[in-house]
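Q: Pasting a predicted model and its sequence here:
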Amino acid sequence: MNGFLNTDDDDDDDDCMWQNLLAICAVVLRNQQAAYLTEWLAYHALAGVDLVVLYENNSTTDDWRSATAPFEKQGFAKVVYLPKADNVVGDFQIAAYGHCINHTQASVAALIEVDEFLAPAQLGGAARAVRCSSFDVELGLPRFVVVAPWRSSHYLDAERVCAGAHAKLRKHAVRLGLADSDKRRRARKRPGVRGSTNRRRPPVFYRTVSGPHVLHLATRSRAEGLERSTVNSDGARRDYDEKYVNKNACLYPEAYVTTKEKAAKDRDVFFAEPRLLEGSALERKIRAYQRDRSSPLRRDGLFDARLRAGFRLRSTSESEESEEGGRAAWSARCFAPGRVPIRRPPRGVLGYCAPSFLIIGFGRCGTTSLSKYLEKHPRITFGTRKEHFYFYRPEFCDLQHGPNERASCDLEAYASQFPVRVPGKNFTFDATPMLGGDMGVPASERTMSWLRTRLPRLKLVVLVKSPADRFMSNPLATAKITRLQESLKSGENQMPHKLNQLLMDNCYVDKLNAWLRFFPSTRFYLIRSEDLRGPLPQRQRILDHLHDFLGVEPHAYAPDDLMVEENVRRATNLSLLPVARAVINCLPRLRNCEARLEKAVDAEDTVFGWCDAARVSEMPVLRSSRPPVPKPATTPAPEPAITTPPLVLLTRLLRLPTTTTTTTGGASCANSPCDFRVLGAGPLADLLARHPDLRRTNGRLELDDDVTAVSPPERVVVVLAPPSTQLLLGGLASPLELARLEAAVKRGGRPRRFRAALRSTCLVDRIAPWWRDGGAADRVIFVRGDAMVRDPARALDALHAALRLRAHTYGPHDLSGIRGNLTSVFSPEVREAIDCYPSNLACELRLGSALDPPRALAWCDEAARLAPKKRGKTTKKKKKKKKRSFFALSS
Ligand SMILES: Nc1ncnc2c1ncn2[C@@H]1O[C@H](COP(=O)(O)OS(=O)(=O)O)[C@@H](OP(=O)(O)O)[C@H]1O
């Protein structure tokens, strides 16, 4: 069973009170449903459903999991395996529905089948309406359960479906005085006490304690056409619960359930029914979806559609969404006025909703204008102000200066900054660009972790801009830019002091990487600021895509709304010379950042193009502004020579004679096996791909992590890196796991819980397949990561020779990647904890003894040398001793 459900039935104090969730509970039981599942799921995603929970019990032979997989990855669908248990009441379907309404904590749970469609009567009708209705806190059950009317006799027998909810209902009834507690009941049954409560009072089920309202919504049955009915579970026709509707001042779910007898035959019946969706934007979307059967929207479901106006980050790991599980994923975002710590809630506030998304940056990229546009959307608001600075101010929840456990750091307190005054306008956001890191202050890990745990479904919008323009937009940069421009004009071409360093604040990819350790890449949406500055239709298009990403209804903005341009400094600024723009944007370090960002973004022809667009015909070569450092009189001590060779051979394990590596040379990978592979498709592989003899495109160089897949004649180049570096760069652990590991070590614990991840860094085990077939040692070439970082030219020369490649000199820009990447960025104590972890140390020794020269590795020793020394606690005795000696001295 998936771990996302709360299986704790007795959880009375559940504070998940307002889930804003329309969930569908369905069962997959029959064969031949798989072909239609994608369409069914995509449709409901478009229709505003928040979650689909599918139940299965291994009763079909269809491959329906491949249809649900993309949706599961996005967190839209969950599959629950529910075995048939003895204590399950009735058939599997009833058990599944009962389980679903008892555990999904949705405002509305629709019990339908996979050939039935939940159709809103008007644009977003169902979704919008149910968002206003609330999850029943006291009962811990959905307020509404939606079913098709023809089911009433069988499925909506409330007592049966909600058999699992019985305990909750009972407790509630006791609280309301409708039933006696067990204690009292037992007392009453004692001899001498006459009668029993059970006989006098009605049984505690829906009718008594008013459980979920059962909606028998309209159906489009074959013969009768569309009809609406409001038959309740007791069989009596009843009007909608007016009291409840008025109290919450929101639309009643105007939803219809339609069915398709045979999904294949009736495919278009539902969509051909104009009355259901007439004129709505949803209808247009669905029609487009139907027409363009080959579109990515159709192929991969709604979420993977490639969005042109903005960029989604490339998904980095298959399992990154799996963290969605756990109860945290369901924590509430919205609160009733009485629940937030505000002394006197202002008039007209319906509730408070913590953000659904954040604009995390970057400063000076148009965040204010974007916020103003979004504020005009009928569902979106930034609350009391655009920039809340909530995690920076001591009066709120300052997390910059250490952990903060005060009540002002509760989610309710944060939500209090986002009042909802208009029904439905509860899609809130915070646009504090500092969140992404700015002005040399990196994004705060404490803040990111706070957000991740409290608001796990948060989405993140990011604006990026050409580094030169962004830097110039910063008022504090004027002096430096002026100096650079003057120097370029005079031909001195001097780089002002520290400008290089300041410009690194525009390395967006590094900042995003910090966030990616806490949120999966699918939650990010990037917009080029240059695009947002375009003509009004283009701004509208960008916003359309953004709505799609955020999951809110489309909205056509008035031209006046989109004309706004806030915080403009250009007019007052000195203008940027083209040559200055070119020099800044094409600085090797920034160019590298741009290339890495392009690589991270999921688009075929992504071009931020900041350097290329800015290039001028004659690019000046910059000189450092620092005066040349006078040479000291005494010759400095020479740098310690690297004694360990950059390449080492695996020879000893099999006691093979020491051989130089043989190369098969020349053969192309196109038809025959590759010349060699690089284990760990990392920076070394990227670098080698730039060698003129090796082009990735002609297939001669294969990058593969899976050694076992390599056929025997091939050779493998393995980068030897300490376990900590492997963990960090090799994708062996998810970002969240790494963060937890680091936190655990920093708290003083040992990384015991991460044994599995640590075990995967045991290089000796990973390359084991290479020596199993005897003689394989000839084909394994180890490159020392540290030698590569210290003296890349020498290490690469040796590697070229071993692989019989032409000598080649790589550019400094190419090498900078390898330097940055092969170095662990864990703090020294964390490195020590990982590299000296007993199993890792054992692996290091095993590998070391197999290498020629032996003991070429000293990862643990090195890490231990760098780690801060742990000081023992000064005991009272020692303190006393110290004091005494002090007095002894002074006397
Ligand atoms: N629609 C639109 N598209 C793109 N860029 C725009 C837009 N509107 C304003 N701007 C420019 O954004 C710069 C101000 O950015 P911010 O509002 O994010 O600044 S701040 O961080 O909130 O201070 C500021 O840049 P400079 O003029 O270069 O300083 C604004 O001109």
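A: Great, that's in hand.
Q: Those residues of the stretch 551-700 of the chain touching the ligand, which are they?
A: Residues of the stretch 551-700 of the chain lying close to the ligand by Cβ under 6 Å from any ligand atom are 565, 566, 567, 568, 569, 570. Where you see a C-beta, it was placed from the backbone N, CA and C, and this is true even at glycine.
Q: Tell me the spacing between the fourth one and residue 454.
A: Taking Cβ to Cβ, to the nearest Å as the measure, residue 568 falls 35 Å from residue 454.
Q: what about the two, which has more around it?
A: residue 454 (18 against 12; other Cβ atoms under 10 Å).
Q: Next, count neighbours for the closest residue in space to the more buried one that isn't next to it in sequence.
A: Nearest non-adjacent residue to residue 454, counting by Cβ to Cβ, 6 or more residues apart in numbering: residue 411, 4.6 Å away. Residues lying near residue 411 (other Cβ under 10 Å) number 19.
Q: The one 5 residues further on too?
A: Here the count is done by other Cβ under 10 Å, and residue 416 has 23 residues near it.
Q: now the closest residue to it other than its chain neighbours: how far from the ligand?
A: What sits nearest to residue 416 in space, not counting adjacent residues and going by Cβ to Cβ, 6+ apart, is residue 340, at 4.0 Å. Distance, residue 340 to the ligand, by Cβ to the nearest ligand atom, to the nearest Å: 27 Å.
Q: How is this protein partitioned into domains?
A: 22-162+211-305, 324-614, 647-866 (automatic domain parsing).
Q: where does the chain come near the ligand, residue by residue?
A: For the chain, the contact set with the ligand under Cβ under 6 Å from any ligand atom comprises 363-369, 433, 469, 473, 529, 532-533, 565-570.
Q: and residue 487, helix, strand or coil?
A: helix (DSSP: H, G, I helix; E, B strand; the rest coil).
Q: right, and it touches residue 481 too?
A: No. With contact defined as Cβ atoms under 8 Å, residue 487 does not reach residue 481; the gap is 10.7 Å.
Q: Residue 346: neighbouring residues, count only.
A: Applying other Cβ under 10 Å, we find 9 residues neighbouring residue 346.
Q: right, and it touches residue 384 too?
A: No. Between residue 346 and residue 384 there is no contact under Cβ under 8 Å: 10.3 Å.
Q: Now do the shared contacts for these two.
A: Here residue 346 and residue 384 share the contacting residues residue 419, scored by Cβ atoms under 8 Å, 6 or more residues apart in numbering.
Q: Quick check: mean pLDDT of stretch 791-800?
A: For stretch 791-800, the mean pLDDT works out to 80.
Q: same deal with stretch 397-408?
A: Rounded mean pLDDT across stretch 397-408 is 85.
Q: Got the confidence number for residue 213?
A: With respect to pLDDT, residue 213 scores 37.
Q: who's in contact with the residue nearest to residue 454?
A: With contact taken as Cβ under 8 Å, 6+ apart, residue 411 is in contact with 331, 332, 333, 354, 454, 455.
Q: Need the CA coordinates for stretch 391-399. PDB is fine.
A: Output in PDB follows, covering the C-alpha atoms of stretch 391-399 (Å, rounded to 0.1, in the frame of the first residue of the first chain):
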ATOM      1  CA  PHE A 391      11.500  34.600   7.300                       C
ATOM      2  CA  TYR A 392      13.800  37.500   7.700                       C
ATOM      3  CA  ARG A 393      12.100  39.800  10.300                       C
ATOM      4  CA  PRO A 394      12.400  39.200  14.000                       C
ATOM      5  CA  GLU A 395       8.800  40.200  14.600                       C
ATOM      6  CA  PHE A 396       7.700  37.400  12.300                       C
ATOM      7  CA  CYS A 397       9.700  34.200  11.900                       C
ATOM      8  CA  ASP A 398      13.400  35.000  11.600                       C
ATOM      9  CA  LEU A 399      15.100  31.900  10.500                       C
END
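Q: Can you tell me what sits against that stretch?
A: 388-390, 400, 404, 406, 408-409, 413-414, 432, 434-435, 444, 446-447, 450.
Q: Which among the residues you listed count as buried?
A: Buried by 16 or more other Cβ atoms under 10 Å: 388, 390, 404, 408-409, 413-414, 432, 434-435, 444, 446-447, 450, out of the contacts of stretch 391-399.
Q: Distance to residue 547 added to the residues you listed, as TSV?
A: Converted to TSV, those look like this (distance: Cβ to Cβ, whole Å):
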residue	distance to residue 547
388	22
390	25
404	34
408	32
409	31
413	29
414	24
432	21
434	25
435	22
444	29
446	31
447	26
450	27
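Q: where's the dip in pLDDT among those?
A: Within the buried ones among the contacts of stretch 391-399, pLDDT is lowest for residue 404, at 85.
Q: check contacts around that residue.
A: Contacts of residue 404 by Cβ under 8 Å, 6+ apart are 397, 398.
Q: what does residue 501 give?
A: Neighbours of residue 501 in contact, by Cβ under 8 Å, 6+ apart: none.
Q: Relative to residue 50, how far out is it?
A: Counting by Cβ to Cβ, the gap from residue 501 to residue 50 is 46 Å.
Q: Likewise for residue 433?
A: 29 Å.
Q: Which single one of the residues of the stretch 551-700 of the chain next to the ligand is nearest to residue 55?
A: residue 566 (49.7 Å; Cβ to Cβ).
Q: can you list the weak-confidence ranges in the stretch 301-450 of the chain?
A: By pLDDT under 70, the low-scoring segments of the stretch 301-450 of the chain are 301-310, 316-331.
Q: Go again with 80.
A: Along the stretch 301-450 of the chain, the model assigns pLDDT under 80 to residues 301-332, 343-345, 439-440.
Q: One more: the stretch 551-700 of the chain?
A: Judged by pLDDT under 80, the stretch 551-700 of the chain has its weakly predicted residues at 569-575, 602-607, 617, 623-700.
Q: run the last query once more with 70
A: In the stretch 551-700 of the chain (pLDDT under 70), the answer is 570-574, 604-606, 625-683, 685, 693-700.
Q: What's the separation between the residue lying closest to residue 582 once chain neighbours are set aside and residue 534?
A: Setting aside the residues directly before and after it, residue 582 is nearest to residue 614 in space (Cβ to Cβ, 6+ apart), at 4.3 Å. Distance, residue 614 to residue 534, by Cβ to Cβ: 18 Å.
Q: And those two? Which one has more around it.
A: Using other Cβ under 10 Å, the more surrounded residue of residue 614 and residue 534 is residue 614, with 22 against 13.
Q: Please state the backbone phi and psi of that one?
A: phi -90, psi -20 (degrees, to the nearest 10).
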